[in-house]
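A.B. asks: build the 3D model from these lines:
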Amino acid sequence: MSQNNFTTKHIKIKDLKQRESIEIMLKVNTPISIIAMHIGVGERTIRNEIKRGLVDQQDSMYGFKKKYSADYSQTEYERRNVTKGPNLKIGKNIELSKEVTRLIRDEKYSPGAALAKIKSESVIEVNVCERTVYNYVRDGILEIEYTELPYGKESPRKNKKKASRSLKNKDGISIEERDKAIENRDCYGHWEMDTVVGGTGKGSSVLLVLTERHSREEKIIKLPNRKQESVVKAIDKLENKYGKKKFREKFLTITTDNGVEFLDHKGITKGERTKMYFAHAYSSWERGSNEVANRLIRRFYEKGYNIDEISEKQIIKLENWINNYPRKILGWKSTNQFLEDKQIF
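C.D. replies: So this is what the prediction gives:
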């Protein structure tokens, strides 16, 4: 699902004369947009070309500065072409190359998910594996920067803190009391719930996110604020949508963190329509499905995005995108395919 309504045709730069023109124009501080127009390629292609051609050049008697070198970039281009060798599979399959690039860049797919979608929905022959696509991106064979991959930017690993009960939620039922069978994800109906917030000072709306542990089914509801009554109203609407009987069958349990918006557990579980558990403080890994789902949402709406600006139509589109996204953990099936195969409502 792309949030943009346009695509750019990506043409590789292969000629030394083109690179020399780029170098000359950069020396006189020509804007990237003008360089791209002169060369006849997209601005992204120019930026990628500049990154690949940077070398350390002496800037003064005492220091060096990274500058673009046409000769160095051309040498690197020719070296990569030699190392590709005659058996570069994706090079012989232009349709596959274009579709993989489109899905990763425009549809926010990972390489594995892109290949899975092409296999299941297209007549294009898939003759490469997930790791090979990562290698092609790394080596500059595909017109994608490594940082454009969903997990191309590595986040600092957080040390797990010792799990502990929240002091502000002493009357909630702890995850410690949750049935151990739920941990195995063997049956449907056990959900995790969280909120995705916008930037500080950028509106008051948040997204209420529910993720089912067995199928990774996603429900996204826009709330006007992060108040407890807004969460309760959202659950009430869900119950009205499905009906009391089906709601109780579908939402057997809900596990949340100890955020203030979830502390009215009596309002959420009203009439024993579901059972609610609270994870330990500082233990996001206890709601791992939520964490993965939130990262999928952030592919389109990065941290700091004003959630007030997200329309209901966009939320429905995002929810459908997630539920139709191929998952490695589901054997590269989407949630919807998985539910259909299992004949789960």
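A.B. asks: average model confidence for stretch 294-313?
C.D. replies: Averaging pLDDT along stretch 294-313 yields 94.
A.B. asks: show me what that stretch is in contact with.
C.D. replies: By Cβ atoms under 8 Å, 6 or more residues apart in numbering, the residues outside stretch 294-313 that reach it are 1, 3, 108, 150, 194, 196-199, 202-207, 209, 220, 222, 318, 322, 325. (Glycine included, C-beta is placed from N, CA and C.)
A.B. asks: now do the same for M61: its pLDDT.
C.D. replies: So, for M61, pLDDT stands at 55.
A.B. asks: show me where pLDDT drops low in this structure?
C.D. replies: Along the chain, the parts satisfying pLDDT under 70 run over 1-12, 58-63, 80-92, 152-170.
A.B. asks: now do the strands in it.
C.D. replies: Ranges of strands within the chain are 54-58, 64-68, 190-197, 206-212, 218-223, 253-256, 275-278, based on DSSP state E.
A.B. asks: now tabulate the ones you listed in TSV and tack on distance to I32 and mean neighbour count.
C.D. replies: Shown next, in TSV, are these (distance: least, Cβ to Cβ, whole Å; neighbours: other Cβ atoms under 10 Å):
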stretch	distance to I32	mean neighbour count
strand 54-58	14	12
strand 64-68	12	14
strand 190-197	33	22
strand 206-212	34	23
strand 218-223	36	20
strand 253-256	46	22
strand 275-278	50	21
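A.B. asks: wait, which of those strands is closest to K117?
C.D. replies: Closest of the strands of the chain to K117 is strand 218-223, at 17.2 Å (criterion: Cβ to Cβ).
A.B. asks: report all helices and strands that the closest one contacts.
C.D. replies: Applying 3 or more Cβ pairs under 8 Å, 6 or more residues apart in numbering; DSSP states H and E, one finds that strand 218-223 contacts strand 206-212, helix 228-242, helix 312-323.
A.B. asks: what pairs with it, parallel or antiparallel?
C.D. replies: strand 206-212 (antiparallel) (DSSP bridges).
A.B. asks: on that earlier part again, between the strands of the chain, which one is nearest to I118?
C.D. replies: Per Cβ to Cβ, nearest to I118 of those: strand 218-223, 22.5 Å.
A.B. asks: and the angle from that closest one to strand 190-197?
C.D. replies: For strand 218-223 against strand 190-197, the angle by axes from the mean of the first three to the mean of the last three Cα atoms, to 10 degrees is 40 degrees.
A.B. asks: pretty sure T256 is touching H280, no?
C.D. replies: No. If you go by Cβ atoms under 8 Å, T256 and H280 don't touch, sitting 11.7 Å apart.
A.B. asks: who's in contact with S122?
C.D. replies: E99.
A.B. asks: how far away is it from D341?
C.D. replies: 20 Å (Cβ to Cβ, to the nearest Å).
A.B. asks: same deal with V55?
C.D. replies: Separation of V55 from D341 (Cβ to Cβ): 54 Å.
A.B. asks: how about TSV for the strands of the chain, with distance to G304 added?
C.D. replies: Listed next are those as TSV, based on distance: least, Cβ to Cβ, whole Å:
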stretch	distance to G304
strand 54-58	29
strand 64-68	29
strand 190-197	10
strand 206-212	13
strand 218-223	17
strand 253-256	23
strand 275-278	28
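A.B. asks: so V197 is in contact with L208, correct?
C.D. replies: No. Contact criterion Cβ under 8 Å: V197 and L208 do not qualify, at 10.8 Å.
A.B. asks: perfect, that will be all.
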